[in-house]
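Engineer: quick check, what structure comes out for this input:
(one chain, ligands or ions: 2)
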Amino acid sequence: MKTCTKCGATPVIIHRKASGQMLCKDCFIESATEKVLKNIRRNKLIERGDKVAVALSGGKDSVMVLDIVNSLHERNIIDLFAITIDEGIGGYRKHGVEIAAKNAKKLGIDHRIASFKDYFGKTLDEIMHNESRQHGACTYCGVFRRWIINRVAREENATKIATGHNLDDETEAILMNYLEGNIDNLTRIGVKSEPKNDKFTIKIKPIREIPEKEVALYVIARELDVHFDECPYSRESFRGEVGRFVKELSANHPTIMYSTLKGFDKIKPAIKKEFSGKKVNMGNCIQCGEPASHELCRACLFAKSLNGEQ
Ligand SMILES: [Zn+2]
Ligand SMILES: [Zn+2]
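Structural biologist: Ligands and ions are numbered 1, 2, ... in the order given. Predicted coordinates:
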């Protein structure tokens, strides 16, 4: 019978192929938590006195972030609250919002729920049925979600916004942008954002080095409530293809995602220096006042065209 490499207990719940390590439930939880806290310390993602906004969807990734960052809150090192965006996706989002609320309540954390409907007058479902629609669901969703999270974080005086990007997400983003030649996007990928405007709150990715499989195992081991449903608008197909390719490669090359990430982090300063693109002067959107590189920010531009005004 397999026994835990750390404590000798049984049963083992994970065999990490990359390191050969086998861990029991308690040692796995401890190891995953320590990995995340180490990432936070090493990259100075969170420091004493920060007010952290966790972007909480109710999915496994953001629930893991909330659970671990909350340990810093419990030790009175930081202030913490959660933001959940209700995009308005029938048969899918309601469940996620309920689970997010349940998690926040269980930990006694302030929770803000903000909907596309409240801020932009339309649910994502309505946007998808709109005749003036020019983009796919993920484009509208990304732009509106970022706008709302940034606005709410500033209203609540948050100093950091923590998101649930895991190792698989980051590897996909790196490869996808590389394969598409989007060097400008590539230079923006990182563990911590460097905002060009002080109206943007710094974004951090505490679980960036945790593989998706281990995130799933973590929430199961900790018996946390999450929703595992996939968004009906799903992921953009190219990202999906890259994701499948990386997962297939990982079966025989278990360290490939981690080495892609680490390699990228090493060359990033050089690419940034060489390709940081044109310096855009950020002003404020004439309509909503949020940072924008044109007269209107992208969210206001989208909202306007969906109202048939453009
Ligand atoms: Zn153990
Ligand atoms: Zn605007």
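
Engineer: is the closest residue to ligand 1 within the stretch 51-200 of the chain in a helix, a strand, or coil?
Structural biologist: In the stretch 51-200 of the chain, the residue that lies nearest ligand 1 is residue 68 (19.0 Å; Cβ to the ion). Placement of C-beta: from N, CA and C, glycine included. With DSSP: H, G, I helix; E, B strand; the rest coil as the basis, residue 68 sits in helix.

Engineer: that one contacts residue 206, doesn't it?
Structural biologist: Yes: between residue 68 and residue 206 a contact is recorded at 6.6 Å, counting by Cβ atoms under 8 Å.

Engineer: now for those two: what residues contact both?
Structural biologist: residue 36 (Cβ atoms under 8 Å, 6 or more residues apart in numbering).

Engineer: and the two? Which one has more around it.
Structural biologist: residue 206 (27 against 23; other Cβ atoms under 10 Å).

Engineer: got the contact list for the closest residue to ligand 1 within the stretch 201-310 of the chain?
Structural biologist: The nearest approach of the stretch 201-310 of the chain to ligand 1 comes at residue 221, 11.8 Å away (Cβ to the ion). When contacts are counted by Cβ under 8 Å, 6+ apart, residue 221 touches 13, 25, 28, 29.

Engineer: in helices only, show me these.
Structural biologist: Using DSSP state H, 25, 28, 29 are the members of the contacts of residue 221 that sit in helices.

Engineer: so who does the residue lying closest to the residue of the stretch 51-200 of the chain closest to ligand 1 once chain neighbours are set aside touch?
Structural biologist: Leaving aside its chain neighbours, residue 68 sits nearest to residue 36 (4.9 Å; criterion: Cβ to Cβ, 6 or more residues apart in numbering). Going by Cβ under 8 Å, 6+ apart, residue 36 touches 64, 68, 206, 207, 209, 210.

Engineer: so where do the strands sit in the stretch 1-150 of the chain?
Structural biologist: In the stretch 1-150 of the chain, the segments counted as strands under DSSP state E, counting those that start in this stretch are 12-15, 22-24, 51-55, 79-86, 110-115.

Engineer: can you lay out these as CSV showing mean pLDDT and distance to residue 299?
Structural biologist: Shown next, in CSV, are these (pLDDT from 0 to 100; distance: least, Cβ to Cβ, whole Å):
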stretch, mean pLDDT, distance to residue 299
strand 12-15, 97, 41
strand 22-24, 98, 44
strand 51-55, 98, 16
strand 79-86, 97, 13
strand 110-115, 97, 13
